[in-house]
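Novice: Next comes the sequence, and after it the predicted model I'd like to discuss.
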Amino acid sequence: MRAGFERVAARELGTETGIGTPQVYRYAFDDVAPVRIRLVRQTELDAVARLTVEAYTRDYRLSETYRRSLADVHDRARADEVWVAEDTATGAILGTVWTPREGALLSPVARDGELDFRLLAVAPDARGRGIGAALTEHVVGLGRIRGVKRVVMNSGGSMLAAHRLYERLGFVRLPEREERIEVEPGRFVDIVAFGLDLG
(Lines give C-alpha, C1' and ligand atoms only; values in the text may rest on other atoms or scores of the structure.)
Protein backbone atom coordinates (compact mmCIF):
# COMPACT_ATOMS: atom_id res chain seq x y z
CA MET A 1 0.00 0.00 0.00
CA ARG A 2 1.26 3.44 -0.86
CA ALA A 3 0.17 4.83 2.50
CA GLY A 4 2.53 2.39 4.22
CA PHE A 5 -0.06 0.07 5.77
CA GLU A 6 0.19 -3.70 5.54
CA ARG A 7 -2.74 -6.03 6.18
CA VAL A 8 -1.94 -8.68 8.79
CA ALA A 9 -4.41 -11.50 8.15
CA ALA A 10 -2.80 -13.77 10.76
CA ARG A 11 -3.91 -11.42 13.54
CA GLU A 12 -7.52 -11.18 12.43
CA LEU A 13 -10.12 -12.72 14.65
CA GLY A 14 -12.78 -14.08 12.35
CA THR A 15 -16.23 -13.05 13.59
CA GLU A 16 -15.63 -13.15 17.34
CA THR A 17 -16.09 -9.40 17.69
CA GLY A 18 -19.81 -9.78 17.06
CA ILE A 19 -19.74 -6.63 14.92
CA GLY A 20 -18.49 -7.63 11.50
CA THR A 21 -15.53 -9.12 9.73
CA PRO A 22 -12.49 -7.62 11.47
CA GLN A 23 -9.39 -6.57 9.58
CA VAL A 24 -6.01 -5.72 11.06
CA TYR A 25 -3.48 -3.36 9.48
CA ARG A 26 0.07 -2.65 10.58
CA TYR A 27 1.97 0.61 10.17
CA ALA A 28 5.65 1.08 11.02
CA PHE A 29 6.26 3.95 13.47
CA ASP A 30 9.72 5.37 14.00
CA ASP A 31 8.99 7.63 16.96
CA VAL A 32 6.19 5.99 18.94
CA ALA A 33 5.63 2.67 20.64
CA PRO A 34 4.15 0.01 18.31
CA VAL A 35 0.51 0.76 17.52
CA ARG A 36 -1.97 -1.55 15.83
CA ILE A 37 -5.03 -0.17 14.06
CA ARG A 38 -7.95 -2.58 13.92
CA LEU A 39 -11.72 -2.76 14.18
CA VAL A 40 -13.14 -2.29 17.65
CA ARG A 41 -14.17 -5.36 19.63
CA GLN A 42 -17.58 -5.69 21.25
CA THR A 43 -16.02 -5.62 24.71
CA GLU A 44 -14.35 -2.26 23.98
CA LEU A 45 -17.37 -0.25 22.86
CA ASP A 46 -18.03 1.45 26.20
CA ALA A 47 -14.36 2.37 26.61
CA VAL A 48 -14.26 3.85 23.11
CA ALA A 49 -17.41 5.85 23.88
CA ARG A 50 -15.76 7.30 26.99
CA LEU A 51 -12.56 8.09 25.08
CA THR A 52 -14.47 9.87 22.32
CA VAL A 53 -16.54 11.99 24.70
CA GLU A 54 -13.49 12.88 26.80
CA ALA A 55 -11.42 13.84 23.75
CA TYR A 56 -14.06 16.22 22.42
CA THR A 57 -15.32 17.72 25.66
CA ARG A 58 -11.78 18.46 26.81
CA ASP A 59 -11.37 21.12 24.13
CA TYR A 60 -14.79 22.12 22.85
CA ARG A 61 -18.15 23.31 24.09
CA LEU A 62 -20.68 20.72 22.96
CA SER A 63 -24.45 20.55 22.93
CA GLU A 64 -26.00 17.72 24.93
CA THR A 65 -27.36 16.23 21.71
CA TYR A 66 -23.89 16.10 20.18
CA ARG A 67 -22.41 14.67 23.37
CA ARG A 68 -24.93 11.82 23.24
CA SER A 69 -24.12 11.17 19.60
CA LEU A 70 -20.41 10.94 20.43
CA ALA A 71 -21.14 8.22 22.97
CA ASP A 72 -23.26 6.14 20.60
CA VAL A 73 -20.43 3.85 19.55
CA HIS A 74 -22.63 0.74 19.70
CA ASP A 75 -24.82 1.89 16.81
CA ARG A 76 -21.83 3.12 14.79
CA ALA A 77 -20.03 -0.20 15.12
CA ARG A 78 -23.17 -2.13 14.23
CA ALA A 79 -23.89 -0.14 11.07
CA ASP A 80 -20.43 0.95 9.95
CA GLU A 81 -16.75 0.53 10.95
CA VAL A 82 -15.22 1.86 14.15
CA TRP A 83 -11.43 1.58 14.19
CA VAL A 84 -9.16 1.82 17.20
CA ALA A 85 -5.46 2.45 17.65
CA GLU A 86 -4.15 -0.02 20.22
CA ASP A 87 -0.85 0.24 22.05
CA THR A 88 0.52 -3.25 21.43
CA ALA A 89 2.73 -3.08 24.51
CA THR A 90 -0.07 -2.32 26.99
CA GLY A 91 -3.30 -3.08 25.17
CA ALA A 92 -4.54 0.47 25.84
CA ILE A 93 -6.89 2.07 23.32
CA LEU A 94 -5.23 5.32 22.25
CA GLY A 95 -7.63 6.64 19.65
CA THR A 96 -10.51 5.90 17.32
CA VAL A 97 -12.06 6.87 13.99
CA TRP A 98 -15.33 6.03 12.23
CA THR A 99 -15.66 5.00 8.56
CA PRO A 100 -18.54 3.59 6.49
CA ARG A 101 -18.63 0.10 5.13
CA GLU A 102 -17.35 -0.19 1.59
CA GLY A 103 -19.66 1.51 -0.89
CA ALA A 104 -21.56 3.50 1.76
CA LEU A 105 -21.26 7.11 2.96
CA LEU A 106 -21.51 8.60 6.44
CA SER A 107 -22.49 12.20 5.77
CA PRO A 108 -23.71 14.61 3.08
CA VAL A 109 -20.17 15.99 2.70
CA ALA A 110 -19.23 12.86 0.72
CA ARG A 111 -20.08 12.14 -2.91
CA ASP A 112 -20.25 8.87 -4.81
CA GLY A 113 -16.77 7.49 -5.35
CA GLU A 114 -15.42 9.06 -2.15
CA LEU A 115 -14.67 7.79 1.35
CA ASP A 116 -15.57 9.95 4.32
CA PHE A 117 -14.63 9.59 7.96
CA ARG A 118 -15.85 11.12 11.20
CA LEU A 119 -15.18 11.40 14.92
CA LEU A 120 -11.42 11.05 14.90
CA ALA A 121 -10.51 11.10 18.60
CA VAL A 122 -7.29 10.60 20.55
CA ALA A 123 -7.14 9.90 24.27
CA PRO A 124 -5.90 13.06 26.03
CA ASP A 125 -2.97 11.22 27.61
CA ALA A 126 -1.91 9.84 24.20
CA ARG A 127 -1.68 13.17 22.42
CA GLY A 128 1.64 14.05 20.84
CA ARG A 129 2.37 10.45 19.83
CA GLY A 130 1.18 10.69 16.23
CA ILE A 131 -2.01 8.72 16.87
CA GLY A 132 -4.31 11.16 15.07
CA ALA A 133 -2.05 11.15 12.03
CA ALA A 134 -1.84 7.35 12.06
CA LEU A 135 -5.62 6.98 12.17
CA THR A 136 -6.08 9.51 9.38
CA GLU A 137 -3.46 7.77 7.24
CA HIS A 138 -5.23 4.50 7.95
CA VAL A 139 -8.40 5.96 6.45
CA VAL A 140 -6.40 7.12 3.43
CA GLY A 141 -5.06 3.59 3.12
CA LEU A 142 -8.62 2.22 3.19
CA GLY A 143 -9.51 4.66 0.44
CA ARG A 144 -6.69 3.35 -1.73
CA ILE A 145 -7.73 -0.27 -1.10
CA ARG A 146 -11.32 0.56 -2.03
CA GLY A 147 -10.29 2.49 -5.12
CA VAL A 148 -12.01 5.75 -4.22
CA LYS A 149 -10.99 8.99 -5.88
CA ARG A 150 -10.98 11.15 -2.74
CA VAL A 151 -11.10 10.97 1.07
CA VAL A 152 -13.25 13.68 2.64
CA MET A 153 -14.38 14.82 6.07
CA ASN A 154 -15.88 17.79 7.84
CA SER A 155 -14.92 19.46 11.09
CA GLY A 156 -16.08 22.20 13.40
CA GLY A 157 -14.66 25.58 12.49
CA SER A 158 -13.02 25.93 15.91
CA MET A 159 -11.13 22.61 15.74
CA LEU A 160 -7.93 24.26 14.54
CA ALA A 161 -5.49 21.61 15.78
CA ALA A 162 -7.35 19.00 13.74
CA HIS A 163 -7.33 21.29 10.71
CA ARG A 164 -3.54 21.64 10.95
CA LEU A 165 -3.21 17.86 11.08
CA TYR A 166 -5.30 17.36 7.95
CA GLU A 167 -3.46 20.08 6.06
CA ARG A 168 -0.11 18.58 7.06
CA LEU A 169 -1.26 15.27 5.57
CA GLY A 170 -2.18 16.93 2.28
CA PHE A 171 -5.91 17.62 2.73
CA VAL A 172 -7.27 20.85 1.26
CA ARG A 173 -10.39 22.85 2.09
CA LEU A 174 -13.57 22.22 0.09
CA PRO A 175 -15.41 25.52 0.61
CA GLU A 176 -18.26 24.55 -1.70
CA ARG A 177 -19.24 21.83 0.81
CA GLU A 178 -19.12 23.98 3.93
CA GLU A 179 -22.09 25.28 5.89
CA ARG A 180 -23.23 26.94 9.10
CA ILE A 181 -25.58 24.99 11.35
CA GLU A 182 -27.59 25.88 14.43
CA VAL A 183 -26.52 23.50 17.21
CA GLU A 184 -28.61 25.10 19.95
CA PRO A 185 -31.22 27.86 19.81
CA GLY A 186 -29.35 30.97 18.70
CA ARG A 187 -25.94 29.24 18.63
CA PHE A 188 -24.38 28.54 15.25
CA VAL A 189 -21.27 26.55 14.30
CA ASP A 190 -19.32 26.73 11.06
CA ILE A 191 -18.68 23.32 9.50
CA VAL A 192 -15.62 23.20 7.27
CA ALA A 193 -14.78 20.44 4.81
CA PHE A 194 -11.49 18.89 3.73
CA GLY A 195 -10.57 16.50 0.95
CA LEU A 196 -7.53 14.53 -0.21
CA ASP A 197 -7.44 13.42 -3.85
CA LEU A 198 -6.10 9.90 -4.32
CA GLY A 199 -5.83 9.96 -8.11
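Specialist: All right, it came through fine. Numbering: from 1, shown residues only.

Novice: what kind of secondary structure is the spatially most central residue of the chain in?
Specialist: Nearest to the geometric centre of the chain sits residue 97, at 2.2 Å (Cα atoms, centre = their mean). What DSSP: H, G, I helix; E, B strand; the rest coil gives for residue 97 is strand.

Novice: again, but for residue 158
Specialist: What three-state DSSP gives for residue 158 is coil.

Novice: Surely it and residue 188 touch.
Specialist: No - using Cβ atoms under 8 Å, residue 158 makes no contact with residue 188, being 11.8 Å away. Every residue, glycine included, has its C-beta placed from N, CA and C.

Novice: where in the protein is pLDDT low?
Specialist: 1-33, 182-184 (pLDDT under 70).

Novice: how many other residues sit next to residue 44?
Specialist: By the criterion of other Cβ atoms under 10 Å, residue 44 has 19 neighbours.

Novice: what residues are up against it?
Specialist: 84, 93 (Cβ atoms under 8 Å, 6 or more residues apart in numbering).

Novice: going forward, begin numbering at 830 instead of 1
Specialist: Understood, numbering begins at 830; the last thing we discussed is residue 873.

Novice: Phi, psi for it please.
Specialist: The phi/psi pair for residue 873 (degrees, to the nearest 10) reads phi -100, psi 0.

Novice: could you point out the longest helix in this structure?
Specialist: Looking across the chain with DSSP state H, the single longest helix is helix 960-975.

Novice: Report the distance from it to the chain centre.
Specialist: 9 Å (Cα atoms, centre = their mean, to the nearest Å).

Novice: isn't there a strand covering residue 1021?
Specialist: Yes - according to three-state DSSP, residue 1021 belongs to a strand.

Novice: So it is in contact with residue 1007, correct?
Specialist: Yes - counting by Cβ under 8 Å, residue 1021 does reach residue 1007; the two are 5.2 Å apart.

Novice: So what's the residue count around residue 882?
Specialist: 19.

Novice: Assign it to helix, strand or coil.
Specialist: Residue 882 is classified as helix under three-state DSSP.

Novice: Hmm, it is touching residue 898, no?
Specialist: No - using Cβ under 8 Å, residue 882 makes no contact with residue 898, being 9.9 Å away.

Novice: what sits against residue 975?
Specialist: Applying Cβ under 8 Å, 6+ apart, the residues contacting residue 975 are 931, 944.

Novice: any chance you could map the strands in the protein?
Specialist: Counting by DSSP state E, the chain has strands at residues 834-836, 853-856, 864-868, 910-916, 922-928, 943-945, 947-951, 979-985, 1001-1002, 1008-1013, 1016-1026.

Novice: in the sheet, who's paired with the residue nearest to the centre of the chain?
Specialist: Here residue 926 sits in beta bridges with residue 912, as judged by DSSP bridges.

Novice: Identify the residues contacting it.
Specialist: Residue 926 neighbours (Cβ under 8 Å, 6+ apart): 911-912, 946-950, 964-965, 967-968.

Novice: Residue 941: how many residues sit nearby?
Specialist: Applying other Cβ under 10 Å, we find 8 other residues in the vicinity of residue 941.
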